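Enquirer: Okay, sequence plus prediction incoming.
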Amino acid sequence: MEVLYKSTRNSDKTVTASQAILKGLAEDGGLFVPTQIPKLSVSMGELKEMSYQETAYAVMREFLTDFTEDELRNCINRAYDSKFDTEEIAPLVKVDDTYYLELFHGATIAFKDMALSILPHLLTTSAKKNDVKNEIVILTATSGDTGKAAMAGFADVEGTKIIVFFPKNGVSKVQEMQMVTQKGKNVDVVAIHGNFDNAQNGVKAMFENKELAKELADKGYQFSSANSINIGRLVPQVVYYVYAYAKLLQNEEIKDGEEINVVVPTGNFGNILAAYYAKHMGVPIRKLVCASNENKVLYDFFRTGTYDKKHREFMLTTSPSMDILISSNLERLIYQIAGCDDKKNAELMALLKSEGVYEITDEMKAGLDDFVGGYASEEQTKEMIHEVYEKTGYVMDTHTAVAAHVCKNYKETSKDETKCVVASTASPYKFVKSVMTAIDDKYASQDEFELLEELREVSQTELPNAIKEILNANILHTLECDVDKMEETVKGILGI
Ligand SMILES: *Cc1c(COP(=O)(O)O)cnc(C)c1O
């Protein structure tokens with residue numbers, strides 16, 4: 001069945017999947033959503049025998065219906081290959097009574113690789129399908145992980161350029177090094193004097209700027225987005241929830257049809273929205289547990305029905321990829337629970353922009369039944385890493401620890417005995433300082449790079465390639481700019 005895409009702010013027009021991937025964001029500022037969430041057309045019995053790549057095809061073909069089988073398999077095979085350090089691509093690891101779905105085995109050791117290793121191929125395929133002759137300029141705001149993963153995906157991909165903005169003091173040392181050492185002649189990286197939301201707003205403003213689009217077109221360029229608002233990011237993320245369920249079945253950890261809960265450390269709401277799509281495709285998921293750090297705007301939203309980014313301070317935490325006050329992908333859920341009412345959604349989003357606050361109706365609240373919100377303080381996050389390490393020897397990163405704490409707390413308070421899969425979104429090597437300090441305070445004063453070796457010994461795991469690479473790399477990018485100079489900076493880079 002053909003699946004088309006429409007904007008959350010004006011649903012009159014529809015576009016094909018490849019057009020939605022090319023555009024990234026709809027012209028009215030809305031996000032593309034499928035006209036309906038398709039159902040899986042293969043059984044769990046079949047899925048449990050499948051490789052990651054086969055599962056990816058089974059899931060993605062339901063969403064990207066204007067791609068031919070050849071095109072889609074090609075994209076999948078070029079993405080999920082030896083860039084990943086395990087053939088399983090996304091291994092499911094049982095620790096104590098919890099299953100960790102490790103999404104950090106790709107090129108940049110964070111979960112963004114799951115989607116960003118395939119997006120460049122989906123995008124260049126989409127360009128060919130739609131006769132696009134312009135060079136595609138990927139503009140991305142990052143809280144740390146997206147930027148590097150996007151650059152790694154797009155570096156030297158023919159017909160594309162990529163420009164990444166990151167908050168200067170808002171990412172880890174390892175993340176910063178990963179970005180400023182990125183090779184590729186089509187890659188630029190800019191540190192902005194502001195936080196992630198500033199960067200994201202700046203990028204959104206450029207996407208919505210029609211004059212700028214025209215100036216670009218005159219020079220043979222057009223913007224596209226690699227941020228998690230692109231449907232080409234969202235769809236590949238649905239795959240690993242289907243895969244995780246099939247793996248649990250294959251390992252006889254669950255019975256066919258048995259429900260599971262999924263716990264996701266959340267920032268921009270992309271990863272957990274993919275789990276929601278997986279549920280609606282037919283994966284027996286009971287609760288979608290949305291885990292926040294101290295920037296708990298989503299926790300408060302699920303509790304009260306009010307989304308309020310205004311009356312709170314932005315916090316810098318040890319899980320920086322979740323330091324977000326505007327979770328862009330939530331708009332897709334808001335639209336869904338408003339009964340696909342584009343006017344209602346547009347009204348709420350306008351309120352968010354002008355007032356920094358909106359409240360959903362009681363009717364809409366009922367649509368949130370699938371979700372549970374939770375959060376972990378900095379202290380609880382640290383304790384969680386420590387506790388699991390002491391008990392089992394398993395070392396997790398800070399983002400995963402936020403989810404693990406929320407998972408534990410949910411189990412204790414709800415008495416829900418459904419088995420839980422925690423999305424493990426980064427390698428502990430990426431956040432080595434916070435992780436090692438959680439294991440033992442004696443590491444607090446040590447240099448981040450020295451600690452890599454300590455972590456290797458403590459966790460008895462190999463140093464990932466992504467880390468080995470930055471140890472000897474040269475700094476190639478030193479550009480910085482103020483929040484209000486982002487457009488100028490982009491023009492400078494493109495020479496327009
Ligand atoms: C991006 C990221 C998240 C948040 O994912 P969203 O899809 O933005 O909710 C969590 N953990 C890590 C390590 C990330 O890189």
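Expert: Received it, and whenever you're ready, just let me know what you need.

Enquirer: mind listing the strands for the stretch 151-300 of the chain?
Expert: Ranges of strands within the stretch 151-300 of the chain are 160-167, 187-193, 221-225, 260-265, 285-292, based on DSSP state E, counting those that start in this stretch.

Enquirer: ok but residue 493 is inside a helix, no?
Expert: Yes: assessed by DSSP: H, G, I helix; E, B strand; the rest coil, residue 493 belongs to a helix.

Enquirer: what about the residue lying closest to residue 310 once chain neighbours are set aside, neighbour count?
Expert: Leaving aside its sequence neighbours, residue 310 sits nearest to residue 356 (C-beta to C-beta, 6 or more residues apart in numbering; 3.0 Å). From N, CA and C alone the C-beta is placed, and that goes for glycine too. Residue 356 is flanked by 15 other residues according to other C-beta atoms under 10 Å.

Enquirer: so who does residue 356 touch?
Expert: Residues near residue 356 by C-beta atoms under 8 Å, 6 or more residues apart in numbering: 308, 309, 310, 311.

Enquirer: do the longest helix anywhere in the chain and the ligand meet at all?
Expert: With secondary structure taken from DSSP state H, the chain has its longest helix at helix 231-250. No: judged by C-beta under 6 Å from any ligand atom, helix 231-250 makes no contact with the ligand; its nearest approach is 7.6 Å.

Enquirer: Show me which positions of that helix end up buried.
Expert: Of the residues in helix 231-250, those buried by neighbour count under the rule 16 or more other C-beta atoms under 10 Å are 231-249.

Enquirer: Please list all residues in contact with the residue in the stretch 51-200 of the chain positioned nearest to the ligand.
Expert: Residue of the stretch 51-200 of the chain nearest the ligand, by C-beta to the nearest ligand atom: residue 145 (3.2 Å). By C-beta under 8 Å, 6+ apart, residue 145 lies in contact with 108, 110, 111, 112, 175, 321, 426, 430.

Enquirer: hmm, 7 Å instead?
Expert: Neighbouring residues of residue 145 by C-beta atoms under 7 Å, 6 or more residues apart in numbering: 108, 110, 112, 175, 321, 426.

Enquirer: The fourth one - how many residues pack around it?
Expert: What that stands for is residue 175. The number of residues near residue 175, taken as other C-beta under 10 Å, comes to 25.

Enquirer: one step back: quick one, which of the contacts of residue 145 has the minimum pLDDT?
Expert: Among the contacts of residue 145, residue 175 has the lowest pLDDT, at 85.

Enquirer: correct me, but it touches residue 142?
Expert: No: checked against C-beta atoms under 7 Å, the pair residue 175 and residue 142 is beyond contact range at 8.7 Å.

Enquirer: Which phi and psi values does residue 422 adopt?
Expert: The phi and psi values for residue 422, taken as degrees, to the nearest 10, are phi -100, psi 130.

Enquirer: Show me what from the protein comes close to the ligand.
Expert: So the chain meets the ligand at 110-112, 145, 228, 265-271, 321-322, 399, 425-426 (C-beta under 6 Å from any ligand atom).

Enquirer: Let's see that with 5 Å instead.
Expert: 110, 145, 265, 266, 267, 268, 270, 271, 321, 399, 425, 426 (C-beta under 5 Å from any ligand atom).

Enquirer: and the residue nearest to the second one when sequence neighbours are not counted, bridged to which residues?
Expert: Counting by C-beta to C-beta, 6+ apart, residue 145 lies nearest to residue 110, which is 4.0 Å off, once chain neighbours are set aside. The residues listed as beta-bridge partners of residue 110 by DSSP bridges are residue 426.

Enquirer: Surely residue 110 touches residue 424?
Expert: No: in this structure, residue 110 is not within contact of residue 424 by C-beta under 7 Å, at 10.1 Å.

Enquirer: hmm, back to that, of the contacts of residue 356, buried ones?
Expert: 308, 309.

Enquirer: Please, where are all the helices along the stretch 101-250 of the chain?
Expert: 112-116, 119-129, 145-154, 173-180, 196-208, 210-218, 231-250 (DSSP state H, counting those that start in this stretch).

Enquirer: residues contacting residue 464?
Expert: Neighbour list for residue 464: 85, 109, 427, 429 [criterion: C-beta under 7 Å, 6+ apart].

Enquirer: With residue 48 instead?
Expert: Applying C-beta under 7 Å, 6+ apart, we find residue 48 in contact with 246, 249, 250.

Enquirer: if I look at it, how far off is residue 77?
Expert: Separation of residue 48 from residue 77 (C-beta to C-beta, to the nearest Å) stands at 21 Å.

Enquirer: what's the answer for residue 493, then?
Expert: As judged by C-beta to C-beta, residue 493 and residue 77 stand 32 Å apart.

Enquirer: Go ahead and produce PDB holding the CA coordinates of stretch 120-127.
Expert: Output of stretch 120-127 as PDB, limited to C-alpha atoms (Å, rounded to 0.1, in the frame of the first residue of the first chain):
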ATOM      1  CA  PRO A 120      23.000  10.200   2.900                       C
ATOM      2  CA  HIS A 121      22.000   7.200   0.700                       C
ATOM      3  CA  LEU A 122      18.300   7.800   1.100                       C
ATOM      4  CA  LEU A 123      18.800  11.400   0.300                       C
ATOM      5  CA  THR A 124      21.000  11.000  -2.800                       C
ATOM      6  CA  THR A 125      18.600   8.300  -4.000                       C
ATOM      7  CA  SER A 126      15.700  10.600  -3.400                       C
ATOM      8  CA  ALA A 127      17.500  13.400  -5.300                       C
END
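
Enquirer: hmm, who's touching stretch 73-89?
Expert: For stretch 73-89, using C-beta under 7 Å, 6+ apart, the contacting residues are 52-53, 56-57, 105-107, 117-118, 121-122, 125, 464-465.
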